[in-house]
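A.B. asks: Sequence and predicted structure, then a few things I'm wondering about:
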Amino acid sequence: MRHVWRWFGPKDRVSIDDMMQAGVQGVVTALHHLPSGAVWTPEEIARRQQQVAVMKDGAPSGLKWEVVESLPVSEAIKTQGDDWRTHIGNWITSMQNLKAAGIEVICYNFMPVLDWTRTDLAWRRPNGATCMRFDFTDFAAFDIHILKRAGAAEDFPEDVRDEAARRFAGMDEARREQLAGNVVFGLPGAAENFSLQDVRDLLESYAPVTDEVLRRNFHDFLEQVAPVAQEIGVRLCCHPDDPPFGLLGLPRVMSTEADYAERLAAVDLPANGITLCSGSLGARPDNDLPGMMERFGARVHFLHLRNVRRDGDAIRGSFFEDEHLGGQTDMVALVASVLREEERRRKAGRADAAIPMRPDHGQDILDDIGRGGQPGYPAIGRLKGLAELRGVEAALSHRGSA
Ligand code: DNO
């Protein structure tokens, strides 16, 4: 695996120096300051590359921008609203500009309205660490009582609805605001920061977009971008829905193994690949991560390794972000499956035999607490995750091992 790490640019409190000391080999970043739909110009790309290349004292870092996460797919593309054709044209131009700058792996997602969603950004663990959590009942309280979405109540089982009403009644104003903020005001990496009213307006624009329409729009997008990617040597990788089940009555088309299979078959080119995110997919009990790696391996262009622990076995339910080796995904089996794929690639002479992997998210531990880093992206928590994953990799690939 190629050990890469996400960086949010100069405002990120976790620096390039921190990354180097953590043992990172390459950088994952994006031009977060540009609005979705806009062209990423050669100048803007070069500026970010220069920022990645230096340490605080100006010494060369030796690190390069290796993976883009994410090149945002605008709402216009997803709904085929005004400007969608221009936005796809811009997306292709950005992809060409990235390739010209030497960047070949581009992650994106096709989640309507909200990028990833959590209800708690600093949920306390018994040892004093904090982590992110998605609480289904709190989410219901938000949807029904804060956003007040029409039809929201019918979207939840009765027991969840009742408990959500009780919880909402017991929340003070500060917690209500915090919950709304956590859900809609944009987690790191999200293309936009929304207000509650923006969300209501966007939900309205999705009224005619069923799962089937979103799938069709997704395929229209792939049919235009993937052949160009193939021709110029760029590997596209779609990130799964996070969480991988329906929210806010919106369509969801990248949550399961069947979804992945359909999207890959829609444009059957190596460039049309996937991001295998064990954390997002692992929030559903019916996603078999090591098996998915085995079956889709050849088209996995990017790995996000992290672990979650679910409260129960419902498809739509609560979970928290556990330690990298601590959640319910069998991480050792998953890494073993990755190493088998890399070996197949090496034998086939593929240039992309080492798959970029980022230790995704991490718990806030030690000096992370109070550092004010990006939620989910602490320095020490991720360093620990990376170190554990490297340990698993080293043990599994040791020549003397079983
Ligand atoms: C959630 C996060 C997201 C993700 C983007 C990819 O799991 O990692 O920011 O990176 O949705 O497009």
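C.D. replies: Okay, I see it.
A.B. asks: Going by C-alpha atoms from here, please, whenever you check contacts or count neighbours.
C.D. replies: Will do.
A.B. asks: for whichever residue of the stretch 301-402 of the chain sits closest to the ligand, what are its contacts?
C.D. replies: The nearest approach of the stretch 301-402 of the chain to the ligand comes at Asp360, 6.7 Å away (Cα to the nearest ligand atom). Asp360 sits next to 279, 304-306, 377, 382 when contact means Cα atoms under 8 Å, 6 or more residues apart in numbering.
A.B. asks: switch the cut-off to 7 Å
C.D. replies: For Asp360, the contacting residues are 304-306, by Cα atoms under 7 Å, 6 or more residues apart in numbering.
A.B. asks: For this structure, just list every one of the strands.
C.D. replies: Ranges of strands within the chain are 2-6, 26-29, 65-69, 105-109, 120-124, 130-134, 235-239, 272-277, 300-305, 307-310, 319-322, 356-359, based on DSSP state E.
A.B. asks: want to try JSON lines for the ones you listed, with mean neighbour count, distance to Asn217 and mean pLDDT as columns?
C.D. replies: Shown next, in JSON lines, are those (neighbours: other Cα atoms under 10 Å; distance: least, Cα to Cα, whole Å; pLDDT from 0 to 100):
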{"stretch": "strand 2-6", "mean neighbour count": "24", "distance to Asn217": "29", "mean pLDDT": "98"}
{"stretch": "strand 26-29", "mean neighbour count": "23", "distance to Asn217": "26", "mean pLDDT": "98"}
{"stretch": "strand 65-69", "mean neighbour count": "23", "distance to Asn217": "21", "mean pLDDT": "98"}
{"stretch": "strand 105-109", "mean neighbour count": "23", "distance to Asn217": "13", "mean pLDDT": "98"}
{"stretch": "strand 120-124", "mean neighbour count": "18", "distance to Asn217": "32", "mean pLDDT": "96"}
{"stretch": "strand 130-134", "mean neighbour count": "23", "distance to Asn217": "28", "mean pLDDT": "97"}
{"stretch": "strand 235-239", "mean neighbour count": "26", "distance to Asn217": "14", "mean pLDDT": "98"}
{"stretch": "strand 272-277", "mean neighbour count": "26", "distance to Asn217": "15", "mean pLDDT": "98"}
{"stretch": "strand 300-305", "mean neighbour count": "25", "distance to Asn217": "22", "mean pLDDT": "98"}
{"stretch": "strand 307-310", "mean neighbour count": "24", "distance to Asn217": "31", "mean pLDDT": "98"}
{"stretch": "strand 319-322", "mean neighbour count": "23", "distance to Asn217": "30", "mean pLDDT": "98"}
{"stretch": "strand 356-359", "mean neighbour count": "25", "distance to Asn217": "28", "mean pLDDT": "97"}
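A.B. asks: Take those strands and lay them out in CSV including distance to Ala180.
C.D. replies: Formatted as CSV, the strands of the chain follow (distance: least, Cα to Cα, whole Å):
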stretch, distance to Ala180
strand 2-6, 26
strand 26-29, 27
strand 65-69, 25
strand 105-109, 23
strand 120-124, 10
strand 130-134, 13
strand 235-239, 24
strand 272-277, 25
strand 300-305, 27
strand 307-310, 22
strand 319-322, 18
strand 356-359, 28
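A.B. asks: Quick test: name the residue nearest the centre of the chain.
C.D. replies: His239 (5.6 Å; Cα atoms, centre = their mean).
A.B. asks: Could you report the separation of it from Ala379?
C.D. replies: Applying Cα to Cα, to the nearest Å, the value for His239 to Ala379 is 23 Å.
A.B. asks: try Ala271
C.D. replies: 32 Å.
A.B. asks: what's the answer for Val105, then?
C.D. replies: Distance from Val105 to Ala379, by Cα to Cα: 24 Å.
A.B. asks: Likewise for Asp143?
C.D. replies: Taking Cα to Cα as the criterion, Asp143 is separated from Ala379 by 32 Å.
A.B. asks: before we move on, what about Ala165?
C.D. replies: Distance, Ala165 to Ala379, by Cα to Cα: 37 Å.
A.B. asks: How about Thr93?
C.D. replies: Distance from Thr93 to Ala379, by Cα to Cα: 34 Å.
A.B. asks: between these two, who's got more neighbours?
C.D. replies: More crowded of Thr93 and Ala379, by other Cα atoms under 10 Å: Ala379, with 25 against 17.
A.B. asks: Spatially nearest residue to that one (excluding sequence neighbours)?
C.D. replies: Computed as Cα to Cα, 6 or more residues apart in numbering, the closest residue to Ala379 that is not its neighbour in sequence is Val14, at 5.8 Å.
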